[in-house]
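> here is a sequence with its predicted model. Questions after.
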Amino acid sequence: MSYHSQSAVAFGHLMNNLTRSATTGASVPELLDIVKDHFDARLVLLAISDAKNNVALHADSAFGPVSYDGDPATFARSAAIRDLMDRYQCVEAAGSQDATGPEDCKLWIFRDRDLARFGNEETTLAGVIASQMSSALSLANRLRETAMDNTLFSGAMDRMNIGFVLADAAGHLLRMTDHARDILNARDGLHLHFRKLRATNAADDRTLQALIRATAEGEQIEHDGSLALTGQSGLKTLGVMVRSVDPALCPQGQRLVAIYLRDRESALELDSDSVRRLFDLTPAEAAVTRQLAAGLSLEETAIELEISRNTARAHLRSIFSKNGISRQTELVRMVLNSAAAIGGDTRHAA
């Protein structure tokens with residue numbers, strides 16, 4: 001395919017516009033509007049097949065929604081398409097995400113018969129567009145799935161009061177979750193200095209920087225990549241765990257680390273209804289379970305709930321019986337290892 005300079009520029013703008021629009025949330029009809037304007041067309045139709053050979057048929061926004069139950073080959077022979085071909089001139093093209101893969105995208109462009117006829121250049125361009133549409137829509141779907149995964153991951157980590165930071169080998173911040181931002185803004189053991197993670201305590205900071213570098217380089221490290229940082233109280237209150245990121249997931253030539261943060265004073269605020277349903281508890285038993293999972297003793301739980309110690313003990317025995325456990329530590333572990341740990345809000349213990 002060869003173009004004179006003006007056509008080459010127009011072609012570049014068209015391809016760029018389609019890809020940018022697809023990956024920034026444009027609907028299929030909006031993408032077809034771009035094609036329609038470029039070809040001065042009356043109507044543009046697109047049939048897309050998925051991995052299970054299900055077919056979705058789309059039209060430009062002026063034509064409106066299209067409902068069709070069948071495959072593109074059947075549609076191409078249908079009365080509807082024959083009627084359109086009788087009324088307009090048409091160029092038809094098929095494309096795929098890659099040159100060796102099956103054709104999963106079929107494009108029809110209809111133009112008034114009194115306009116210039118489709119030439120070889122436009123026919124070839126239609127084939128390129130069909131393939132570009134297939135690739136762009138596939139990429140847009142993957143981006144949406146990635147964004148959804150990231151949102152769900154970040155939300156779950158925040159609800160468990162675990163901060164997540166992605167950093168390079170020098171400790172420079174690349175991204176973080178909301179809870180990690182709260183921890184860093186508090187500057188209690190860890191903070192950001194010109195987008196670089198720094199521990200508040202000088203000795204802790206030397207250990208942290210060495211740990212980040214060693215982990216990023218894949219070196220053998222002691223204490224499993226974990227350390228505790230000293231907070232404003234002078235106590236080791238902020239837990240840090242550094243893990244290497246699979247090089248296959250990193251931009252070429254980069255070495256990244258995942259850093260998990262957990263404030264020891266931060267406790268989960270479990271949802272009572274979730275705890276009750278998950279462990280077959282009464283509302284009173286669920287309330288006791290929530291307090292114990294938050295780190296309170298049985299005596300403190302009784303005071304918090306304004307019940308007697310004997311009543312708290314009776315609830316605990318019933319909880320043990322219903323869940324086949326015999327110790328308070330087993331109960332706490334069971335709850336924190338369950339879906340209840342990501343089902344509630346978070347709080348900062350006083």
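Alright, I've got the coordinates.
> which positions within the lengthiest helix in the chain qualify as buried?
As far as residue count goes, and with DSSP state H defining each element, the longest helix of the chain is helix 120-159. Of the residues in helix 120-159, those buried under the neighbour-count criterion (16 or more other Cβ atoms under 10 Å) are 122, 125-127, 129-138, 140, 154, 157-159. To be clear about C-beta, it is placed using only N, CA and C from the backbone, and glycine gets the same treatment.
> repeat that for stretch 292-302.
When burial is assessed from 16+ other Cβ under 10 Å, stretch 292-302 yields the following buried residues: 292-294, 296, 298, 301-302.
> could you work out the end-to-end span of it for me?
Taking Cα to Cα, to the nearest Å as the measure, stretch 292-302 stretches 10 Å from start to finish.
> then stretch 17-34?
End-to-end span of stretch 17-34 (Cα to Cα): 8 Å.
> which outside residues touch it?
Residues from elsewhere that reach stretch 17-34 (Cβ atoms under 8 Å, 6 or more residues apart in numbering): 14, 35, 44-46, 48, 58-62, 129, 132-133, 136-137, 139-140, 143.
> what's the lowest-pLDDT member of the buried residues of stretch 292-302?
The member of the buried residues of stretch 292-302 with the lowest pLDDT is A294, at 78.
> residue ranges with poor pLDDT in the stretch 51-200 of the chain?
Applying pLDDT under 70 to the stretch 51-200 of the chain flags the ranges 51-54, 67-76, 97-103.
> helices of that one, start to end?
Counting by DSSP state H, counting those that start in this stretch, the stretch 51-200 of the chain forms helices over residues 72-76, 79-87, 120-159, 178-186, given from the N-terminal end onward.
> distance to T230 added to the ones you listed, as JSON lines?
Compiled in JSON lines, the helices of the stretch 51-200 of the chain are given as follows (distance: least, Cβ to Cβ, whole Å):
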{"stretch": "helix 72-76", "distance to T230": "66"}
{"stretch": "helix 79-87", "distance to T230": "73"}
{"stretch": "helix 120-159", "distance to T230": "24"}
{"stretch": "helix 178-186", "distance to T230": "14"}
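> nearest to D40, of those helices?
helix 120-159 (10.3 Å; Cβ to Cβ).
> quick one, that closest one and helix 178-186 angle?
Helix 120-159 and helix 178-186 meet at an angle of 60 degrees, taking axes from the mean of the first three to the mean of the last three Cα atoms, to 10 degrees as the criterion.
> which strands and helices lie in contact with helix 120-159?
Taking 3 or more Cβ pairs under 8 Å, 6 or more residues apart in numbering; DSSP states H and E as the contact definition, the neighbouring helices and strands of helix 120-159 are helix 5-23, helix 28-39, strand 43-49, strand 89-95, strand 105-111, strand 163-168, helix 178-186, strand 345-348.
> most neighbours per residue, which of those?
Comparing the helices and strands packed on helix 120-159 by mean neighbour count (mean count of other Cβ atoms under 10 Å), strand 105-111 comes out on top with a mean of 24.
> so what secondary structure elements neighbour it?
The contact analysis (3+ Cβ pairs under 8 Å, 6+ apart) places strand 105-111 against helix 28-39, strand 43-49, helix 79-87, strand 89-95, helix 120-159.
> give me the contacts around stretch 133-143.
Under Cβ under 8 Å, 6+ apart, the answer for stretch 133-143 is 18-19, 22-23, 25, 28, 31, 46, 48, 95-98, 104-105, 107.
> so where's the stretch 251-350 of the chain shaky on pLDDT?
Low-confidence segments of the stretch 251-350 of the chain (pLDDT under 70): 265-269, 340-350.
> which parts of it are strands?
If DSSP state E, counting those that start in this stretch is used as the criterion, the strands of the stretch 251-350 of the chain fall at 256-263, 266-269, 345-348.
> give me the number of neighbouring residues for L190.
Neighbouring residues of L190 were enumerated by other Cβ atoms under 10 Å; the total is 27.
> report the two of the buried residues of stretch 292-302 separated the most.
Taking Cβ to Cβ as the measure, the buried residues of stretch 292-302 span a maximum distance of 15.5 Å, between A293 and A302.
> mind checking how far stretch 129-140 is from the chain centre?
Its chain's C-alpha centre and that of stretch 129-140 lie 21 Å apart, by Cα atoms, centre = their mean, to the nearest Å.
> same check on stretch 42-60?
In terms of Cα atoms, centre = their mean, the gap separating the centre of stretch 42-60 from the centre of its chain is 26 Å.
> stretch 108-116 too?
On the basis of Cα atoms, centre = their mean, stretch 108-116 is displaced by 42 Å from the centre of the chain it belongs to.
> doesn't F279 make contact with A339?
No. Using Cβ atoms under 8 Å, A339 is not in contact with F279, being 10.9 Å away.
> looking at these two, which has the bigger crowd around it?
It is F279, of A339 and F279, that has more neighbours when counted by other Cβ under 10 Å, with 18 against 8.
> what is the neighbour count of the residue nearest to that one when sequence neighbours are not counted?
Excluding the flanking residues, the one nearest F279 by Cβ to Cβ, 6 or more residues apart in numbering is N323, at 5.7 Å. Applying the criterion other Cβ under 10 Å, we find 17 residues in the vicinity of N323.
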